[in-house]
Each structure stands twice: as C-alpha cells, then as structure tokens.
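Participant: I'll drop the sequence and a predicted model, then ask my questions.
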Amino acid sequence: MTEKIICIMCPLGCTVKAEVEDGEIVSIEGYGCEDGKEYAEQEITSPKRTVMSVVECKDGDFPTVSVKTSEPVEKEEIDDVMRALSEIEIQAPVKTGEVILKNVCNSGIDVVATRSVEKVQD
Amino acid sequence: MKDEYECVVIGAGPAGLAAALRCEELGLDVLMIESKERLGGIPLQCTHPGFGNFYYDENLTGTEFAERLLEKDEIEYVTEAHVSSIEYVSDLKKKVKVITPDGLFSLDTKTIIYSTGARERHRFETRIQGDRLSGVYTAGEAQTLMDVYGVMPGKRVVVVGSGDIGLIMARRFALENAEVVGVIEMQPFPGGLTRNVVQCLHDFDIPLYTQKIVKEIRGQKRVEEIVTADVDEELEVIPGSEEIIECDTVALATGLIPYTKILDEMEAEVIMDPVTRGPRVDENLETNLPGIFAAGNVLTINDYVDFAAYQGEKAAESARKFVEYDGMPSKDWIEVKRGKNVRSVVPQYISGDCEVTLNVRVKKPEPEVDVIIRETDERIKTTSVNPGEMLRLDISEEKLEDLENKITLEVRR
C-alpha cells in the first residue's frame, strides 16, 4: 500500500511517498531532508498529536480551565481523550501545569492545566 | 495613576506586555492601559499550542504564553480602561484621555507605544448577503464562547476563510464533536500554514473548498443553510455555480484588520499604509508623529505571537532612546519599495546604516525563490514563499551598503 504524507517540518511542504506492508515501511521517497523523513516515518507508523480543550471549573474567576495532554497522544486516541475530558469538572483554584487527569485513557500521559484559575470568594 | 509618564503603552496583549516589560527593564516610567478585565490579550482565549517557539524556545499554548509574559508583573497598569483620545501637543508631550471605572483621567506622556492589536473583519465587510440570524459568529467570538465560557456555539458548522485562525477553529469545533461541514476559501490555495492544513483539516477529514465564497446565509431565526458560489481568478462569481449547504452555524475567519481607531481619530494625522492598514513606521517602529510607536498586530498582522512580542521590545528600546535624547536621532529615511511578488513590507522606511528586521508578506506562493535587493543584487535566502507565512528577514548592515537612497525588494529565483 502506498501512503502519502505532506511534510509539515518547513513551509516547503514536500509530499513524501512510502510503500507500507503490514505496518512496516518498505521504501520511502520524496522527502527533502532527514527531519522530513523522520516525520513521515512517525506519521505512518504511529502518528501523535497534542490534544487541547477546556474543562468546566467551579467557583473560579474563569468558568473553564484550559487543558492539554502533557505529551502528544496516539492520533486514534483523540476521541477517547476528548470524551474523558467532557465528563469531568474541577474545583478552583487551579495552577498552570497542575495535573487535571492522570494517565488519561491508560495512555500513560497526563492532562495538565494551561491556565491558572483563581478561586472566587463570595 | 499619576498624571505624567515617560511612556504609555496602549493595549496589554503580547506586543504591549513585551513592550512594557522592556520599558521597565530599561528604567522608563511606564503605564500600561488595557480595555479588558485582564492583561494578556487574545492568547488568553487560545487553548491551542504554537505560541512562544521563538520567544521562549518552547511550544506553549496561548494561555500559557500569556501567563508566562505576566510572571514579571511589576509594571504599573490599569484595566477596564478605554483610551478615548490622544492629543499630540508637541514632540515631547502627548495627552492621553482614559475612561476607567474610577472616572476620567488625563495623562501627559513623552512617548506612546500603540499596541492595540487587530479586530476581526466582520460579516458586513464581506460579500455575504442575508438576514441577521443567530448562529453567525466571527472566529474569535466562537473561540471566546467555547474556550472561556465553555459554551458550544452550534452543531453543524461552516468555517469561512482558511487562514490559520479558520483552520484552528475548524479543528476546535471538530474536537468538541461538532460536525464541520467544510472550510470555504475564495483564493485557489489555503491561507494558513501547511502544518495547520494537515493537523486541523486532514486529521479530522474536514473538506476545504477553494475558489468558493458564501453568497448568502439563510434561515428563519437561526442559520439553516448557506448558498455558496464558485469564483474565478478575479474572484468574480461564476453564474450558475451556486450550491446550498445545510448548517446551523457560520464561523467567519475572514481576516484581521489592525485596530487603529484612536490613531484615526487624532487631529494630527498618523499616516497609514493602505496595504497593511496599520501605521507606516521607520526601523525604530516610530510613526510619522515623533514619540508615537506601533508594535504587534496593529502594525502588521503577524503569524506568530513571538514576532508581535519582538516588535513590542523594539518599540520599547526606541521609546527609551526617545526619552534619553528628547527625540529620535534624525536620519534620511529610504522608503522600501515593493517589487515582484512583494505585497507588504514593515517597517516601510529604513536608514541603511544599521541592521534591520523586515517583515515581508508575498502576494502568491512560489517555490525555490529568494528575496533580492534589486539595487545591489544582495540575496536573502528563503526556501519557498507563501502569503500565509510572513517572512521575517534580519538584514545585516553590510547587505545595506551602497544603497544610494533606494531599496526595492523582489521575490524571485
């Protein structure tokens, strides 16, 4: 099977073509540099993305706290991560970098806050 | 608040914050004025990464970037404060009127760093017809609803415009389980970075329709459908190409326009660049009015927040010089002319006697080209160019020798 990847390492946007058999790359061509080759290989064998969203936050000076996965997760796990995040609600105060959800979907990766939310006194 | 400062920074987004912090470091007596409740500007509502790659050498989200800039917050500032007017009294005195929750204040300052950012092009500045239905948002409004208030604007979304903002919002909707019917772009190519085309559209199987416009938005109270049409190279509608797409939400990411309102209303004229729509500046980022500097998206729309922050720092360094010498050292300015495939250049004037950073935007994508100074044949290496990616060119003093008061930039092989 031939896989086509548009390289995103620089504005050139090379189209890298690879022959893939049983998930293994047999041959690869069209890359403009070593970084591009590495990127294409990663994209074909196990593409990863950082996931970001917001989570409801109670009693805060912001109604939500923004979050992201501390490391990129497997692309096919994105939906599960988003679902897990939609089910939680947290309590202010929150500090940037604080772990919001540990080991999300058993990925071994945590979801962390990317915004600090102060607790509002009433 | 005092009634006199050496520098007043208007707008506390990335450019303004970086400017005020640098002013403080350089020992200027500085006040920062912000209209929102918080300092930080647009990044406060940006949950996606792509911020700080240059400025902090780290890939941060917008929210993290804003917080990082605010870590050192010894700057004097006022929030929920609107500048109502700037009066150019003399080279060394500008009067700034500010409306705050505590009342109306009038301040005198030697210098102003104008860093008010940009506003979004709104629906009535596009060619879209139809009624004022609910469900029509600018990308920024939709982002604020989702990422500050946690409210979904709709379920079946059409995004208009494929610049980075449109692409990122398409992904944002898709991540939150909205159906993104498509991104509509009138140019023959996407406006944003390839990275965003791949990670925002391809990842979520969102179709991109190029050379298409939204002609009309229809519905009873809420958006129910849109009418699209194909356009030719001159962006003229091809008759009979109309199609209907059902949707309940339209997110407009049709461009940013420098927010120059207060400058426009001044009695003393600040000269604007018709292409960037921001003020024309020299290499010190000084406008035609001595002591008034511009930085960030009000100067030119930046692709990276980092560049806005660098412009803020540059403006602060210039303000420091202005305060020290009671004005900038006078120079013979050379206007940078735009040659082949150059759409805009900022700063518009250089001296040629020192290193300068030029922000250049091209008209159309071209592979394997360089930026060339026509007069001297000096070549500034680039790989390929794309209107969606501003070129930030550091040009050394040696490359500017022998200019003889003329400089034209060209993009060619």
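Facilitator: Thanks, I have it.
Participant: tell me the contacts of residue B:154?
Facilitator: Residue B:154 makes contact with B:135, B:178, B:223, B:247-249 under the criterion C-beta atoms under 8 Å, 6 or more residues apart in numbering or on different chains. The C-beta positions use only the backbone N, C-alpha and C, and glycine is treated the same way.
Participant: nearest spatial neighbour of it, chain-adjacent residues omitted?
Facilitator: residue B:249 (2.9 Å; C-beta to C-beta, 6 or more residues apart in numbering or on different chains).
Participant: can you name the residues bridging to that neighbour?
Facilitator: With DSSP bridges as the criterion, residue B:249 is bridged to residue B:157.
Participant: so it touches residue B:152, yeah?
Facilitator: No. Between residue B:249 and residue B:152 no contact is recorded; they are 9.1 Å apart, counting by C-beta atoms under 8 Å.
Participant: just to revisit the earlier point, near the residue nearest to residue B:154, how many other residues are there?
Facilitator: 24 (other C-beta atoms under 10 Å in any protein chain shown).
Participant: now do the one 4 residues further on
Facilitator: Other residues near residue B:253 come to 30 when the count uses other C-beta under 10 Å.
Participant: now do residue B:25
Facilitator: Count around residue B:25 with other C-beta under 10 Å applied: 13.
Participant: what residues sit buried inside the helix or strand of chain A with the lowest mean pLDDT?
Facilitator: Within chain A, no helix or strand scores below strand A:2-6, which has a mean of 88 by mean pLDDT, DSSP states H and E. Neighbour-count burial for strand A:2-6 flags residue A:5 (criterion: 16 or more other C-beta atoms under 10 Å in any protein chain shown).
Participant: residue ranges with poor pLDDT in the stretch 1-150 of chain B?
Facilitator: B:73 (pLDDT under 70).
Participant: so who does residue 97 touch?
Facilitator: Just so you know, I chose chain A. For residue A:97, the contacting residues are A:112-113, by C-beta under 8 Å, 6+ apart.
Participant: try chain B instead
Facilitator: B:83-87, B:104-106.
Participant: how many other residues sit next to the nearest residue to residue A:111 once chain neighbours are set aside?
Facilitator: Spatial nearest neighbour of residue A:111, chain neighbours left out: residue A:101 (4.1 Å); criterion: C-beta to C-beta, 6+ apart. Neighbour count of residue A:101, defined by other C-beta under 10 Å: 19.
Participant: next: residue B:235.
Facilitator: Residue B:235: 11 neighbours (other C-beta under 10 Å).
Participant: now residue A:72
Facilitator: When neighbours are counted by other C-beta under 10 Å, residue A:72 comes out with 17.
Participant: do residue B:140 as well
Facilitator: Residue B:140 has 20 nearby residues by other C-beta under 10 Å.
Participant: pull the contacting residues for residue A:118.
Facilitator: Per C-beta under 8 Å, 6+ apart, neighbours of residue A:118: A:60-61, A:92-93.
Participant: and those, which are buried?
Facilitator: Buried, going by 16+ other C-beta under 10 Å: A:60, A:92-93, out of the contacts of residue A:118.
Participant: secondary structure class for the closest residue in space to residue B:394 that isn't next to it in sequence?
Facilitator: Nearest residue to residue B:394 in three dimensions, chain neighbours excluded: residue B:357, at 5.3 Å (C-beta to C-beta, 6+ apart). Look at residue B:357: counting by DSSP: H, G, I helix; E, B strand; the rest coil, its state is strand.
Participant: spatially nearest residue to residue B:371 (excluding sequence neighbours)?
Facilitator: residue B:380 (4.4 Å).
Participant: tell me the centre residue of chain A?
Facilitator: Compute the mean C-alpha point of chain A, and by C-alpha atoms, centre = their mean the closest residue is residue A:50, 1.6 Å away.
Participant: so who does that residue touch?
Facilitator: Residues near residue A:50 by C-beta under 8 Å, 6+ apart: A:68-69, A:71-73, B:49.
Participant: any idea which of those is closest to residue A:110?
Facilitator: residue A:69 (7.4 Å; C-beta to C-beta).
Participant: from residue A:115, how far off is that closest one?
Facilitator: 15 Å (C-beta to C-beta, to the nearest Å).
Participant: so residue 44: helix, strand or coil?
Facilitator: I'll assume chain A. helix.
Participant: try residue B:110
Facilitator: strand.
Participant: is residue B:316 in contact with residue B:15, as I believe?
Facilitator: No. Residue B:316 is not in contact with residue B:15 according to C-beta under 8 Å; the separation is 10.0 Å.
Participant: so which of those two has more stuff around it?
Facilitator: residue B:15 (34 against 30).
Participant: residues of the stretch 1-150 of chain B that sit close to chain A?
Facilitator: Counting by C-beta under 8 Å from any C-beta of the partner chain, the positions of the stretch 1-150 of chain B adjacent to chain A are B:44, B:47-49, B:60-61, B:63-64, B:67, B:146-150.
Participant: please indicate which of the residues you listed are buried?
Facilitator: When the residues of the stretch 1-150 of chain B next to chain A are checked for burial by 16+ other C-beta under 10 Å, the buried set is B:44, B:47-49, B:60-61, B:63-64, B:67, B:146-148, B:150.
Participant: domain ranges for chain B, per the record?
Facilitator: Domains of chain B are assigned by automatic domain parsing as B:1-121+B:255-326, B:122-254, B:333-413.
Participant: quick revisit: among the contacts of residue B:97, name the ones in strands.
Facilitator: B:83-87, B:104-106 (DSSP state E).
Participant: top of the residues you listed by neighbour count?
Facilitator: Most surrounded of the ones in strands among the contacts of residue B:97: other C-beta under 10 Å gives residue B:86, at 24 neighbours.
Participant: that residue touches residue B:106, doesn't it?
Facilitator: No. In this structure, residue B:86 is not within contact of residue B:106 by C-beta under 8 Å, at 11.1 Å.
Participant: what do these two both touch?
Facilitator: B:95-97.
Participant: make JSON lines out of these and add secondary structure.
Facilitator: Listed next are the shared contacts of residue B:86 and residue B:106 as JSON lines, based on three-state DSSP:
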{"residue": "B:95", "secondary structure": "strand"}
{"residue": "B:96", "secondary structure": "strand"}
{"residue": "B:97", "secondary structure": "strand"}
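Participant: hey, which of the domains of chain B is tucked in deepest?
Facilitator: Mean neighbour count (mean count of other C-beta atoms under 10 Å in any protein chain shown) peaks for domain B:1-121+B:255-326 among the domains of chain B, with a mean of 21.
Participant: taking the buried ones among the residues of the stretch 1-150 of chain B next to chain A, tell me the two that lie furthest apart.
Facilitator: That would be B:60 and B:150, which, of these, are the farthest apart (C-beta to C-beta) at 21.4 Å.
Participant: poorly predicted segments of the stretch 251-400 of chain B, please.
Facilitator: For the stretch 251-400 of chain B (pLDDT under 70), the answer is none.
Participant: hmm, try it at 90
Facilitator: Within the stretch 251-400 of chain B, the ranges that satisfy pLDDT under 90 run B:303, B:329-332, B:352-353, B:364-368, B:375-390, B:396-400.
Participant: element containing the nearest residue to residue B:75 once chain neighbours are set aside?
Facilitator: Closest residue to residue B:75 apart from its sequence neighbours, by C-beta to C-beta, 6+ apart: residue B:20 at 4.7 Å. Element membership for residue B:20 (DSSP states H and E) is helix B:14-25.
Participant: skip ahead from that helix and say which helix or strand is next.
Facilitator: Following helix B:14-25 toward the C-terminus (DSSP H and E): strand B:30-33.
Participant: quick one: strands adjacent to that following strand?
Facilitator: strand B:4-10 (parallel), strand B:76-78 (parallel).
Participant: near chain B, which residues of chain A?
Facilitator: Residues of chain A lying near chain B (C-beta under 8 Å from any C-beta): A:6-8, A:10-13, A:49-54, A:56, A:62-64, A:66-68, A:75, A:78, A:82, A:96, A:114-116.
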